[in-house]
Structures are given as C-alpha cells and as structure tokens.
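Q: A predicted structure for the sequence below; I have some questions about it.
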Amino acid sequence: MKYVFLFISAFTFAQQTQFVDFKSVLGKIAINSTEKTISGEVIYDFEVIKSIDTIKIDGQNMVFANIKINGKTIPFIQTSKQMQLVFPFKKGKNKLTFDYTAKPKQTLYFIGSELTDNLQIWTQGQGKYTSNWFPSFDDVNEKVIFNLEIAFSENYQVISNGVLKEKVNTDGITFWNYQMQKPMSSYLLMLAIGKFEKKIAYSKSGIPLEMYFEPQNSSKFETTYCNSKRIFDFLEKEIGVKYPWKIYRQVPVRDFLYAGMENTSATLFATRYVVDSIGFEDRSYSNVNAHELAHQWFGDLITAENGKQHWLQEGFATYYALLAEKEIYGEDYFYSKLYEAAQQLKFASRTDTIPVLNAKASSLSFYQKGAWALHILHEKIGDKAFKKAIKSYLKKYSFQTVNTADFFAEIKKVSKYDLDNFSKVWLEDSNFNTLEANALLNKNNSIKIQLELDKMKNIPLAEKKDFFTKVIQSSVYFSVKEAIISQLKTENFEDKKALLILALQTNNLQVRQAVASSLYQIPEDFREQYETLLLDKSYQTQEIALYNLWNNFPEFRSNYLEQSKEWIGFNDYNLRTLWLSLALSTPDYISNKVPLISELIAYSSLNYEATTRQNALEKLIAFNLVNDTVLKNLVNATTHHMWQFSKFGRDSIRKLLKNPLMRTSFERIIMELNDAEQFQLNRLLKEK
C-alpha cells in the first residue's frame with residue numbers, strides 16, 4: 001500500500017482537465033432490472049497533456065476491477081465517490097480499461113417491473129450526476145465522446161445518445177450500439193428502456209426526428225407531438241446554427257422528476273404531457289418541447305462552465321422556447337407570457353435578493369429573468385446584430401464550456417451597447433427593471449390594456465364596470481379578460497354577475513375556466529350558467545366545475561354524477577378519482593360501494609404514477625376510506641424517488657398518527673413492509 005499513496009500529488013488542488021484530456025469512451029453495459037444493478041466494461045481513450053501521477057474518474061458507490069492502462073494492471077484507490085488511478089503518467093495517448101458494478105441510489109430509476117409488464121428504466125444526470133450509474137466526470141468542463149453498447153431483453157426498446165450503429169439479437173438479448181460523433185459533458189449521457197413505439201419525421205435540414213410513445217397512448221401521439229417538427233425547423237433557422245447532432249429523439253417516461261431533460265440528442269419528458277385534444281388545452285407539450293430542444297445548442301453544444309453561469313443555459317432555452325411559441329401561437333401569446341414572467345419576477349424580488357449571476361440564484365431567476373435579459377438585449381442592439389453575435393458565439397465555443405464574458409465578447413463585436421450597465425441591471429441586481437420591461441411590453445395592444453387594468457385594482461367596481469364590460473366584449477387577448485375575472489373575486493356576486501355572464505359568453509376556454517375557479521359559492525340564480533362549464537372541452541375546467549356544483553347543490557348531486565360517470569380526464573385520472581370520491585360520499589347514489597372503493601384504492605397503488613397515486617390517496621384520506629392497503633400504499637409513497645410525492649406521504653402519515661387508532665394501525669402493518677418502508681415508518685413513529 002505504500003506505493004499507492006506515494007504518488008498523490010498537488011494536482012488535487014488543480015483542475016484535472018488542465019493535465020488530462022479524455023477523448024472518448026465505450027461502455028459495454030448490462031442492467032439487471034430485478035436487482036436494480038448495472039455492470040459493464042469501460043474503455044477510455046485519453047491524452048496526458050502534462051505529466052501527472054493521479055487521475056480520477058467519478059463513480060458513486062461503485063466496485064471497480066481489472067483496471068489496466070495500455071494493457072497493464074496499475075494501482076488505484078477506490079473511495080465511495082471515485083476511482084483514483086495512481087501511476088506516473090507521461091505526456092501521450094493512453095487506453096484505460098476496467099470493469100465496474102453499481103446499485104445506484106439515484107440517477108438511474110426503475111419504474112414498474114418485468115413481472116407486471118410495466119417496466120421502464122431511465123436516467124436523469126443533471127443535478128444528480130451520471131457518475132451514479134456510469135463511471136464518468138462530475139466536472140462539466142471534461143467533455144467526452146460517449147459510446148454505449150447496452151445489453152437488454154429483446155422485448156424492450158433501448159434508447160441512448162447518438163446514432164444507433166448496430167442492433168444485434170442473441171438468445172433473447174439485444175445489444176444496442178449507440179455512438180456519438182462529438183464530445184459532451186457527462187451529465188448529458190442518458191438511457192431509457194421500455195416498451196415504446198416510435199414514429200419518425202424529418203426536419204427541413206434532414207435530421208431524423210424520432211418521437212416515442214407507449215402503445216396504449218398511440219391515439220395521443222398526434223396531439224402530443226403536433227408542433228415538434230415546426231419547432232425544430234423554427235429554432236434551427238432562428239438560432240442560425242445547424243442542429244449540432246445527427247439525430248433527435250423525444251421519449252415520455254413515467255414518474256419523471258421534471259418536465260423534461262435535454263440529454264444530448266435525446267430529450268426525456270414527463271408523461272403528463274402525453275395528452276389528447278382535450279388535455280392539450282391545459283397541458284400542451286409545446287413549451288417543454290421547445291425549451292429542451294433549445295438546450296441542444298445552449299447547454300449541450302456549449303455548456304456553462306459552472307453554476308454561476310447557469311443562466312447561459314436556462315435563460316437562453318427559456319428565451320428561445322418563447323420565440324418558438326410566438327411562431328405557433330402569435331404575438332399576443334408571446335407578450336402575455338412575457339408579462340406573466342415580469343409579474344412573477346417583480347413579486348419575487350421583494351424577498352429574493354440573489355441575482356442571476358450567482359450559483360445560488362432561484363430557478364425563476366435563471367430561467368425567467370435570464371430570458372428577460374435576453375429579450376431586452378435583443379431589443380437594444382437590434383435583430384441583425386443579436387443573431388450575428390449568437391451565431392458567432394455558438395460556432396466559436398462549440399463543444400466547449402462558456403461564461404458570460406465569452407458571450408459578451410461576441411456582443412461587443414457587433415454593438416457598442418453598454419454591457420457593463422446591462423449586466424449590473426439585469427444579471428447582478430436582484431431587482432426587476434420595470435421601466436425597461438414595460439417599454440417592451442407596451443409594444444403590444446393587449447398588454448397596454450393589461451397594464452391599465454393593473455392600475456385599477458383598488459378602484460371601486462362601480463367606477464370601472466363599464467371599462468370591464470367593454471374589454472370583455474372586445475377581441476383583446478384572453479389573458480386580459482382573465483385578469484378582469486381575477487379582480488372580481490372579492491366583489492359582491494350581484495355586482496359582478498353581469499360581467500361573469502359576459503365572460504362565459506366569450507366561449508373562450510381559458511376565460512370560462514377563470515370563471516369556474518373564481519367561484520366557490522354559486523348562487524342558485526347562477527346555477528344553470530355555471531352548469532354549462534361541465535360541457536367545456538377542458539379536463540381542468542370540468543374538474544373544478546364538477547366539484548363546485550356537487551358541493552353547492554346537494555339536491556342535484558346524482559344528476560352531476562350521472563353526467564360525469566364515464567369521465568377519465570388526464571392520464572393521471574383526475575376526473576375519475578374525483579368522481580369516485582364524490583360518488584362514495586353521496587348517500588343513496590350507489591348501493592354497493594365496494595367496487596368503487598376498490599377502484600379508488602387501486603389508483604393509490606404502485607401500478608400507477610405518483611400524481612395518480614397522490615390524487616387517490618388524498619381523496620381516500622379526506623373521505624376516511626382508509627384500510628391497511630391504503631396505509632401500506634401511503635407508507636410506500638415515502639420511499640418514492642419524486643420528492644414531492646414522498647413529502648406528501650410523510651406529511652400525511654404525521655397527521656394520521658395524531659389519531660391513536662391510526663397509530664395502532666400503522667404499528668400493526670409494519671412487519672408486512674419492506675426494509676425501506678419499515679425504515680421510513682419507524683422514523684415517523686418515533687417523532688414527537
């Protein structure tokens with residue numbers, strides 16, 4: 001062991017990338033879905049730039065073996081976080097080979113199982129690090145050409161980065177060989193496995209656009225992906241730099257941690273955006289679609305060198321996503337979203353004192369304020385200069401990491417605009433510059449009216465009622481009419497009734513939904529008008545209207561339940577779970593309630609996604625329909641990888657434990673739980 005520690009050098013305090021350049025890697029990996037493990041052989045080609053005696057590769061809780069440099073076994077140190085290669089490395093090219101095994105605690109997620117025929121496996125490297133499932137680099141500045149050969153059951157689709165070079169089937173196992181041509185940061189490496197089908201379109205520039213879906217969602221394919229090709233063609237033209245990879249894939253996966261993730265050449269996104277034509281009105285994939293695609297340039301082609309520079313990814317992706325939506329939905333939509341973001345930023349700036357150029361900035365700052373900064377910069381220097389600078393910026397720093405100074409250097413080549421002041425105002429100050437923002441917003445007539453409305457918030461309704469009437473009856477963008485409904489919330493019903501009727505008569509889904517959600521108490525003389533909301537082609541509106549009508553008019557409950565008994569809603573069963581709970585709570589509606597209780601309990605089980613399970617559990621608890629199965633499903637929620645769902649599980653158990661009978665019930669089932677569930681429940685039982 002003396003030899004092992006002899007060569008540990010001062011390099012520890014310097015960036016490894018200054019000494020070593022990892023060029024490419026081939027990972028030959030296999031995944032055991034039963035054990036939830038991954039193993040394989042890894043081959044790295046790298047070049048030593050300056051002599052060094054210790055090289056590290058990040059690998060969280062991995063076991064390494066057969067480590068060789070150029071075919072020769074070398075000493076190494078293995079920690080819980082990395083492998084350190086100890087050897088007197090000299091300048092030149094080298095080949096590193098080794099084997100590894102891992103049982104990732106995060107980053108590689110197993111949803112469902114082969115046994116229940118609902119298995120999906122997917123990765124999420126950003127924020128949690130790819131080094132949990134593949135030996136790689138947590139430092140984004142180390143960019144490598146990744147190639148993966150994945151072995152898995154022939155019954156599944158396996159998706160990774162780059163071009164599928166080969167697919168070979170041997171004895172029920174398929175070997176999928178994916179290859180990248182250009183380097184990328186490790187966090188952008190991805191893997192997705194499931195029983196997917198796909199359709200392929202081609203961009204104007206000839207890039208294959210592979211769009212995946214689960215067979216049971218085939219009828220939702222066209223609605224979900226309706227804008228994909230249009231967005232791709234628009235962004236490629238608007239950005240002015242050809243899409244940097246050979247192929248682009250989009251894959252919806254169950255229980256995904258975020259809305260979407262821009263892995264190089266392959267976006268994963270949450271199944272909540274897999275919708276039919278009715279669901280599309282409330283959950284369009286378009287913004288997520290455009291945002292993740294924009295990252296293929298801003299994040300994947302060029303990568304922010306550290307957390308402080310994160311706006312160079314999220315701000316740019318948010319900026320270009322809104323431009324893409326402007327192309328689809330028009331200028332009124334574009335300005336309404338800019339206004340909405342401005343309002344959020346102004347409100348947040350009251351308490352949020354961390355500016356954009358800070359690694360600890362909020363997501364709102366990185367995304368929306370970063371995007372607002374770019375809209376202002378575009379406006380100030382002009383379209384031609386802005387696009388020229390963007391094109392130069394991307395080409396100069398392709399496949400490298402960047403900082404704000406790099407971006408500003410390209411702006412300075414095309415404009416004399418005061419970037420120092422711009423940076424101080426938009427990137428280094430936590431306040432939101434309302435003056436500059438309003439100058440841009442006032443270019444849109446609908447937002448001009450919106451800004452006038454904002455000044456009327458404290459004016460008595462009688463003094464502004466005529467103006468409200470005129471606006472609701474006009475062709476102004478619907479978001480302005482929504483703002484009027486918002487101002488009416490606290491007004492006496494009789495005073496606002498005529499305006500609400502006018503709002504319903506617009507037949508605009510969003511305006512009508514605003515009316516639906518603005519009333520908790522519905523007067524009898526407004527019942528019939530409100531009942532028309534049950535017919536709206538919006539699952540969200542139907543959910544709001546059904547509950548409010550059921551709650552306000554007990555004598556009509558059976559009628560409402562009959563009208564909605566076939567409703568399902570989004571793929572999280574929002575309407576079905578609501579209907580079940582209301583039906584179970586309506587006396588004399590159904591004599592045999594056992595099948596309904598069983599169905600609602602089933603939605604809380606592991607066979608469904610977290611959003612469906614939480615919907616069901618909330619209703620089961622609220623209506624006191626709790627048995628041992630419900631309690632077990634609730635405890636299981638505390639072990640889920642989605643923090644929102646696990647937190648819901650913990651908080652719900654804490655409330656239930658205040659009831660001595662419930663505490664006894666939890667204590668009774670504890671031995672029927674698995675180790676992880678027992679650990680979580682025991683911890684909650686011991687809390688005071």
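A: Good, I have the coordinates.
Q: next up, the contacts around Met642.
A: 255, 257, 610 (Cβ atoms under 8 Å, 6 or more residues apart in numbering). Backbone N, C-alpha and C define where each C-beta goes, glycine included.
Q: and the strands in the stretch 251-400 of the chain, which stretches?
A: Along the stretch 251-400 of the chain, the stretches classed as strands by DSSP state E, counting those that start in this stretch are 260-261, 266-270, 302-304, 400-402.
Q: who does the longest one touch, helix- and strand-wise?
A: Based on contacts counted as 3 or more Cβ pairs under 8 Å, 6 or more residues apart in numbering; DSSP states H and E, the elements that strand 266-270 packs against are strand 248-253, strand 260-261, helix 286-294.
Q: distance of the spatially most central residue of the chain relative to Gly125?
A: In the chain, the C-alpha nearest the mean C-alpha coordinate belongs to Ala259, at 2.0 Å (Cα atoms, centre = their mean). From Ala259 over to Gly125 the distance is 16 Å, taken as Cβ to Cβ, to the nearest Å.
Q: rebuild the strands of the stretch 251-400 of the chain as CSV, extending it with distance to Gln84.
A: Output for these, formatted as CSV (distance: least, Cβ to Cβ, whole Å):
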stretch, distance to Gln84
strand 260-261, 30
strand 266-270, 31
strand 302-304, 25
strand 400-402, 23
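Q: which regions of the stretch 301-450 of the chain lie under the pLDDT threshold?
A: The stretch 301-450 of the chain contains no residues with pLDDT under 70.
Q: coming back round to it: ok, and the closest non-adjacent residue to the residue nearest to the centre of the chain?
A: Val288 (4.7 Å; Cβ to Cβ, 6 or more residues apart in numbering).
Q: now do the same contact list for that neighbour.
A: Residues in contact with Val288, defined by Cβ under 8 Å, 6+ apart, are 259-260, 269, 273.
Q: in ChimeraX, select just the buried ones from those residues.
A: Here is the ChimeraX command that selects only those of the contacts of Val288 that count as buried (16 or more other Cβ atoms under 10 Å):
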select :260,269,273
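Q: ok, so of the contacts of Val288, who is nearest Ala341?
A: Closest approach between the contacts of Val288 and Ala341, by Cβ to Cβ: Ala259, at 16.0 Å.
Q: please report phi then psi for that closest one.
A: When read as degrees, to the nearest 10, the backbone of Ala259 gives phi -70, psi -40.
Q: ok, now how distant is it from Tyr225?
A: Ala259 sits 16 Å away from Tyr225, going by Cβ to Cβ.
Q: ok so, going back, out of the helices and strands packed on strand 266-270, which gets nearest to Glu331?
A: helix 286-294 (15.9 Å).
Q: now Met662. Nearest residue, chain neighbours left out?
A: Spatially, and ignoring its direct neighbours in sequence, Met662 is nearest to Leu656 (4.3 Å; Cβ to Cβ, 6+ apart).
Q: isn't the one you found right up against Ile621?
A: Yes: taking Cβ atoms under 8 Å as the definition, Leu656 is a contact partner of Ile621 at 7.3 Å.
Q: what residues are up against Lys93?
A: Taking Cβ under 8 Å, 6+ apart, we find Lys93 in contact with 45-47.
Q: now it, what's its secondary structure?
A: Taken by DSSP: H, G, I helix; E, B strand; the rest coil, the conformation at Lys93 corresponds to strand.
Q: that one bridge partners, please.
A: Residues in a beta bridge with Lys93, per DSSP bridges, are Glu47.
Q: quick one, strands of the stretch 551-688 of the chain?
A: Using DSSP E, counting those that start in this stretch, strands in the stretch 551-688 of the chain do not occur.
Q: can you pull the contacts of the nearest residue to Ala270 once chain neighbours are set aside?
A: Distances taken as Cβ to Cβ, 6+ apart place Phe256 nearest to Ala270, at 4.2 Å, with adjacent residues excluded. If you count contacts by Cβ under 8 Å, 6+ apart, Phe256 has them with 122, 124, 268-271.
Q: farthest-apart pair in the residues you listed, please.
A: Gln124 and Thr271 (14.4 Å).
Q: what is the rounded mean pLDDT of stretch 455-475?
A: Stretch 455-475 comes out with an average pLDDT of 96.
Q: over to stretch 659-674?
A: Averaging pLDDT along stretch 659-674 yields 96.
Q: about what we covered before: how close does the residue nearest to Ala270 sit to Thr611?
A: Using Cβ to Cβ, Phe256 is found at 11 Å from Thr611.
Q: helix or strand for Lys68, which one?
A: Element membership of Lys68, judged by DSSP states H and E, is strand 62-69.
Q: quick revisit: can you pick the most crowded of the contacts of Lys93?
A: When neighbours are counted by other Cβ atoms under 10 Å, Phe46 leads the contacts of Lys93 with 22 neighbours.
Q: pLDDT value on the closest residue to that one other than its chain neighbours, please?
A: The spatially closest residue to Phe46, leaving aside those adjacent along the chain, is Phe22, at 4.4 Å (Cβ to Cβ, 6+ apart). As summarised for this prediction, Phe22 has a pLDDT of 97.
Q: how close does Phe22 sit to Asp45?
A: Phe22 is 8 Å from Asp45, by Cβ to Cβ.
Q: please apply the same query to Tyr129.
A: Separation of Tyr129 from Asp45 (Cβ to Cβ) stands at 22 Å.
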